[in-house]
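[1] Requesting a structural model of the entry that follows:
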Amino acid sequence: MKIPYGYALIDEEIIVNEEKADVVRSIFGYYLAGASLGKIVDMLYATGILSPSGNPKWGRAAVDKLLANAKYIPIVGVETYYFNSDGELVCFDASLSEICDGLLIRKDYLEQFLVATGLKLFWMCTGEKQFFQGELNQTWKRWEGFIYYEQNQIHGSFEPVEEN
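    Numbering: from 1, shown residues only. Reported below is the predicted structural model:
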């Protein structure tokens with residue numbers, strides 16, 4: 001029996017290998033943050049993480065197989081990662097990680113959902129930006145924007161708000 005990457009066989013019991021489990025979590029996190037399989041392979045190589053077969057460079061197929069394998073649910077955690085009925089990773093709650101705040105959804109599933117429901121995705125945003133002009137001279141400027149997602153692209157803009 002072949003033991004999946006991230007697990008170890010100890011005293012005839014399969015347990016999580018925490019060092020390799022951290023690698024698995026990183027792969028899932030980078031993938032859902034938008035990294036391509038090639039970028040993930042490059043990241044693994046740059047950090048010196050050996051492939052499951054012990055090679056210095058992972059193959060894209062190995063990363064893709066890992067991402068599609070439901071055996072990794074116990075490693076990545078069901079409270080953070082969400083899988084469909086086929087065991088494919090759909091999205092994860094990035095607020096429980098160090099990547100970013102919010103829910104990250106695979107683009108292909110987002111597209112399918114929007115088409116199937118006829119819903120539109122948009123953001124109304126407001127914020128402030130601090131500008132430094134010289135040693136202690138700083139100003140703040142309010143910005144607002146409307147962004148929407150349509151036909152596989154993000155449209156809209158942020159504009160500075162004129163103060164009265």
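[2] Please make it C-alpha for all contacts and neighbour counts, starting now.
    Fine.
[3] does the closest residue to T139 other than its chain neighbours sit in a helix or strand, and which one?
    Closest residue to T139 apart from its sequence neighbours, by C-alpha to C-alpha, 6 or more residues apart in numbering: F131 at 5.2 Å. Secondary structure assignment for F131, by DSSP states H and E: strand 121-132.
[4] Partner strands of that strand, with direction?
    Strand 121-132 has these partner strands in its sheet, going by DSSP bridges: strand 138-150 (antiparallel).
[5] which stretches of the chain have low pLDDT?
    Filtered on pLDDT under 70, the chain yields the residue ranges 1, 70, 73-81, 87, 94-101, 134-135, 164.
[6] In it, what residue spans correspond to helices?
    If DSSP state H is used as the criterion, the helices of the chain fall at 18-32, 37-46, 60-67, 73-76, 107-117.
[7] I'd like those helices as JSON lines, with mean neighbour count and distance to P160 appended.
    Below are those laid out as JSON lines (neighbours: other C-alpha atoms under 10 Å; distance: least, C-alpha to C-alpha, whole Å):
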{"stretch": "helix 18-32", "mean neighbour count": "18", "distance to P160": "31"}
{"stretch": "helix 37-46", "mean neighbour count": "17", "distance to P160": "35"}
{"stretch": "helix 60-67", "mean neighbour count": "15", "distance to P160": "41"}
{"stretch": "helix 73-76", "mean neighbour count": "16", "distance to P160": "41"}
{"stretch": "helix 107-117", "mean neighbour count": "12", "distance to P160": "30"}
